[in-house]
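>>> Test case, fold it:
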Amino acid sequence: MKLKWLLVLLLSLHPLCALAAAKNAVIVSPPVSVQGTTVASNQRVAGAAVDQQILSDLKAIATSVEAIKSKPPDYVPAYLAVVGALIGALTGGFVTWRTQSRALRSQSEQAQRSADHARELAEARAKLEIGNNFVQWRLKQLSELYGPLHALLRQSIALYRLMNEVLVGAAPDRFRLRQGVPTDDFDGKVFEIALKDGEWEPFRTVLHLSSVYGLEYGIEDYFDELVAIGGRIVEVIEGKAGLAREDQDLMPVFGRYLAHYRVLKQLLAHAQPRKDGDDRNRASTSAMSVERAAVFPKEIQGLVDDGYKKLVEELNAWRAKAGYE
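Okay, the predicted model is just below:
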């Protein structure tokens, strides 16, 4: 706006300066006579004309000034500048916000991924530790309880069956080994003894020991070894019974076996010859009363075999899963 006013002022002053210079030139010039008429007269006429021209120009300038004053100011450029600056600021702010938002979101996602990864590692480590503890526990059960009992019971049963065959060979009219059902014994056979009335019943060591021990059947060493193996079984049960599998109810069976062994050991001690030569073994044996509840608990063999088999299967499955095979 100031520039426009300056231009108008310069344009208006330009003709005034020219006219003033012309007027001064006319007035200053010395009078000259031309054909009887003086130049002074002509100068007065010219000065009047110049005055008229100046007045006319001043009126024109005044009219232009009034026109300029009456014209409303043009705020469009200012508006455009403000709007442009505002749009630029908003655009810059939006771009900055967008960039920061993406950076924050990226950082948050990275932090979340890191947290998820750390949690997965922790879970995997916990599972590995649990798995290792589980495997160590299963190995302990197998190596300290089920493995030894499995081997000792099989040894005891195999020795017991050999003793049965010796008795059948020595007195087939009193002893027999017949085929039974699969649940009768570990091999489905039943060892029986003939009673005085001719009836046959299953032979039970604690009930019929006095009918075979020390009667020249040649089975005394078998019985002595069976009791020795029983003593080793008792040591395992008494020291490692807490390792029994949680899905088996072995404790009552262990208790019955311990009671059976104590009775068998006492019976054998009474049946063995005295070191001083006093042979009173049969009288001592008959003097000890034994109930049928003291017989060998056959179910212990099945429970131990089942637990042993499950432990081996679980450990083999773990080895395969861990990539050891």
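>>> okay, and for the chain, where does confidence drop off?
1-47, 50, 65, 67-75, 128, 131, 183, 273-287, 323-325 (pLDDT under 70).
>>> Now do the same contact list for L167.
R174, F175, V212, Y217, I219 (Cβ atoms under 8 Å, 6 or more residues apart in numbering). For glycine as for every other residue, the C-beta is placed from the backbone atoms N, C-alpha and C.
>>> next one: L159
Y222, E225, L226, I229.
>>> Against which helices or strands is the helix of greatest length in the chain packed?
Assignment by DSSP state H gives helix 76-141 as the longest helix of the chain. Counting by 3 or more Cβ pairs under 8 Å, 6 or more residues apart in numbering; DSSP states H and E, the packing neighbours recorded for helix 76-141 are helix 299-321.
>>> buried ones in the helix it packs on?
I300, Q301, L303, V304, D305, G307, Y308, K310, L311, W318 (16 or more other Cβ atoms under 10 Å).
>>> who does it touch, helix- and strand-wise?
Against helix 299-321 (3+ Cβ pairs under 8 Å, 6+ apart) you get helix 76-141, helix 147-170, helix 251-271.
>>> Got the phi and psi for E192?
The phi and psi values for E192, taken as degrees, to the nearest 10, are phi -120, psi 160.
>>> now the one 10 residues further on
When quoted as degrees, to the nearest 10, the phi and psi of P202 stand at phi -60, psi 140.
>>> sorry, back to before: now the longest helix of the chain against helix 147-170, angle please.
Angle, helix 76-141 to helix 147-170, by axes from the mean of the first three to the mean of the last three Cα atoms, to 10 degrees: 30 degrees.
>>> Now do helix 76-141 and helix 299-321, the angle between them.
Angle of helix 76-141 versus helix 299-321, following the same axes, to 10 degrees, is 140 degrees.
>>> The chain should start at 48 in everything you say after this.
Right, with 48 as the first residue, what we last looked at is helix 123-188.
>>> how about the helices and strands packed on helix 346-368 in CSV, adding distance to G286?
Formatted as CSV, the helices and strands packed on helix 346-368 follow (distance: least, Cβ to Cβ, whole Å):
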stretch, distance to G286
helix 123-188, 12
helix 194-217, 10
helix 298-318, 12
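>>> Of those, which is nearest A95?
helix 123-188 (47.0 Å; Cβ to Cβ).
>>> burial count for R309?
13 (other Cβ atoms under 10 Å).
>>> Spatially central residue for this protein, please.
E170 (3.0 Å; Cα atoms, centre = their mean).
>>> phi, psi of the closest residue to L290 other than its chain neighbours?
Residue nearest to L290 in three dimensions, not counting chain neighbours: L192, with 4.1 Å by Cβ to Cβ, 6 or more residues apart in numbering. L192 adopts backbone torsions of phi -120, psi -70, taken as degrees, to the nearest 10.
>>> Could you pull up the contacting residues of L192?
V283, K287, A288, L290, A291.
>>> What's the end-to-end length of stretch 244-254?
For stretch 244-254, the separation between the terminal residues is 17 Å (Cα to Cα, to the nearest Å).
>>> Pull out the buried positions in that stretch.
Neighbour-count burial for stretch 244-254 flags F250, R251, T252, V253, L254 (criterion: 16+ other Cβ under 10 Å).
>>> strands paired with the helix or strand hosting F238, and their directions?
F238 is part of strand 236-241, with elements assigned from DSSP states H and E. Sheet pairing for strand 236-241, assigned by DSSP bridges, gives strand 222-226 (antiparallel), strand 247-249 (antiparallel).
>>> Run a quick neighbour tally on D294.
Neighbour count of D294, defined by other Cβ under 10 Å: 8.
>>> Phi and psi next, for it.
Main-chain dihedrals, D294, degrees, to the nearest 10: phi -100, psi 10.
>>> got it, and the one 3 residues further on?
Dihedral angles of L297 (phi, psi; degrees, to the nearest 10) stand at phi -90, psi -20.
>>> Could you report the separation of it from E360?
Distance of L297 to E360, computed by Cβ to Cβ, to the nearest Å: 18 Å.
>>> now the contacts of L206 in CSV, with secondary structure, neighbour count and distance to S153?
Listed next are these as CSV, based on DSSP: H, G, I helix; E, B strand; the rest coil; neighbours: other Cβ atoms under 10 Å; distance: Cβ to Cβ, whole Å:
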residue, secondary structure, neighbour count, distance to S153
Y269, helix, 19, 82
E272, helix, 16, 78
L273, helix, 21, 77
I276, helix, 17, 72
